[in-house]
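[1] test case, fold it:
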Amino acid sequence: MRASVRSANPARLAALWFGVQLVWGAILGISLQARCAELAGAGSLAAYGKISFAGALAAAIVQLVVGPWSDRLRLRGDSRAAFYAIGAAGGACAVIAFYLASSVASLAIAFVALQVALNVAIGPYQAILPDTIADDRLGVASGWMAAMQSGGNAAGAILASILAGARLGIAIAIVLLGAAAVTIARLRALPLRNVREEERLAFSRTLGDLFISRALFFLGFYTLLGYLFFYVRDLVPAGAHVAPTTASGICILLFTLAGALGAVLGAKPADRIDERVVVTLGGGIVALCVAALAAIHSLLALPFAIAVAGAGWGVFICADWAFACRLLPRASLATTMAVWNLAIVGPQMLAPIIATLTLAHFKMLESMAAPRLAFAISAIEILIGAAWIWRLPSRHHGK
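    Numbers count the residues shown, from 1 in each chain. Sure thing, here's the model as predicted:
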């Protein structure tokens, strides 16, 4: 068994994460905002906030239902592969419907359906590394997950920049299904690590602080991601030869490619040193770059700041995966990962609400300065998350 878990191929196990993140790279980074602008006109920011909230709420509910179900099956020897297959198939159908939507209402329905389908897979899937990988390789395996996340986001941004409509939806669906097939095929060839029913989650201050820190990081991330399109749209001069969707796609591409590099650089440190240091370094880099974007008005500085921020984010994501895989109990991984993942889903709901309420308070909701204020909020949220991680005692981290 030990030889098997050491020989498990983390790249193939992480393939589904590439497909899922490709979907989010296209939709959360570009297409949801662009489709809201197309279908809602002047009300695009308000429509974006409402649709984002509805989708994230659906994702949270689904994960909390599917997680315990998956864990009960896992205790009986199930590999969770059926959840991956069902989620990918449903997501492929929903993403095509998203790009064919002809009204704000149908767009919202398609987006909620997409969140439901993919989160059928995501909750159980986040347990795949502890299910199959030896403890002393979790940092490297987490680096693969982080790299696949960044690579998938980059690929999604590219597709959303060069394709549109049904062709874009079909292309995303094909990649998602192919990625799921790679992961499922590899998983079926591996023995699963043993779990004991008594290995249950006991809530502690440690896990609470980890959750809060992670939630603050992702609150900042989704604020940045949600308002990037609008920031770039207002920064690109009128009459420019590049469309806002293309320009924002290039930015996301740079962010995610640099994120993959950051994940590679953070993999070994996440196994060897205090993870709090890795998290703080990554978060500090992201916050500094986002704050700079809020202050500057230079199109030339945008690619550099975005790329450096992406590298910092990749470092954080790698350490984040290692945290979860080491600290959460194996017998209830999907359940606890569902709770853990609320630190991502919750910020998806809250980020547009916080930003919208803040912009409305300062009467800037329709102002060209609105994305800049949103970026300032993002930097503050990430810095608080980096500071919060130091509430954790050092004995829980590093080797």
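
[2] which elements pack onto the one helix or strand residue 46 maps to?
    Using DSSP states H and E, residue 46 sits within helix 44-75. Using 3 or more C-beta pairs under 8 Å, 6 or more residues apart in numbering; DSSP states H and E, the elements in contact with helix 44-75 are helix 32-40, helix 104-125, helix 205-235, helix 333-361. All C-beta atoms are positioned from the backbone trio N, CA, C, and that covers glycine.

[3] just checking, residue 299 touches residue 235?
    Yes. Counting by C-beta atoms under 8 Å, residue 235 is a contact partner of residue 299 at 5.7 Å.

[4] which one's more surrounded, the two?
    For residue 299 versus residue 235, the count of surrounding residues by other C-beta atoms under 10 Å is larger for residue 235: 20 against 14.

[5] and of the helices and strands packed on helix 44-75, who's closest to residue 18?
    helix 104-125 (11.8 Å; C-beta to C-beta).

[6] got the angle between the closest one and helix 333-361?
    Helix 104-125 and helix 333-361 meet at an angle of 140 degrees, taking axes from the mean of the first three to the mean of the last three C-alpha atoms, to 10 degrees as the criterion.

[7] could you check the pLDDT of residue 364?
    For residue 364, the pLDDT comes out at 80.

[8] any low-confidence regions in the stretch 51-200 of the chain?
    77-79, 127, 129-142, 189-200 (pLDDT under 70).

[9] change it to 80
    When residues are selected by pLDDT under 80, those of the stretch 51-200 of the chain lie in 67-68, 70-79, 123, 126-147, 149-150, 186-200.

[10] sketch out the low-pLDDT regions of the stretch 251-399 of the chain for me.
    Across the stretch 251-399 of the chain (using pLDDT under 80), the flagged ranges come out as 263-276, 297-299, 318-342, 344-346, 348-349, 365-368, 392-399.

[11] would you map the helices across it?
    275-295, 301-327, 333-361, 370-388 (DSSP state H, counting those that start in this stretch).

[12] in the last one, what's buried?
    Which is helix 370-388. Going by neighbour count (16 or more other C-beta atoms under 10 Å), the buried part of helix 370-388 is 370-386, 388.

[13] show me what it is packed against.
    helix 205-235, helix 275-295, helix 333-361.

[14] closest one to residue 91 among these?
    helix 333-361 (15.7 Å).

[15] helices and strands around that closest one, which ones?
    Counting by 3+ C-beta pairs under 8 Å, 6+ apart, helix 333-361 packs on helix 44-75, helix 104-125, helix 205-235, helix 370-388.

[16] starting at the chain centroid, how far to stretch 369-383?
    18 Å (C-alpha atoms, centre = their mean, to the nearest Å).

[17] CA atoms only: put that stretch into PDB for me.
    Output in PDB follows, covering the C-alpha atoms of stretch 369-383 (Å, rounded to 0.1, in the frame of the first residue of the first chain):
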ATOM      1  CA  ALA A 369     -13.600  54.700 -10.100                       C
ATOM      2  CA  ALA A 370     -15.800  51.800  -8.700                       C
ATOM      3  CA  PRO A 371     -13.400  49.000  -9.800                       C
ATOM      4  CA  ARG A 372     -10.500  50.800  -8.100                       C
ATOM      5  CA  LEU A 373     -12.300  51.000  -4.800                       C
ATOM      6  CA  ALA A 374     -13.100  47.300  -5.200                       C
ATOM      7  CA  PHE A 375      -9.400  46.500  -5.700                       C
ATOM      8  CA  ALA A 376      -8.500  48.500  -2.600                       C
ATOM      9  CA  ILE A 377     -11.100  46.400  -0.600                       C
ATOM     10  CA  SER A 378      -9.500  43.200  -2.100                       C
ATOM     11  CA  ALA A 379      -6.000  44.200  -0.900                       C
ATOM     12  CA  ILE A 380      -7.300  44.900   2.600                       C
ATOM     13  CA  GLU A 381      -9.200  41.500   2.800                       C
ATOM     14  CA  ILE A 382      -6.100  39.600   1.800                       C
ATOM     15  CA  LEU A 383      -3.800  41.400   4.200                       C
END
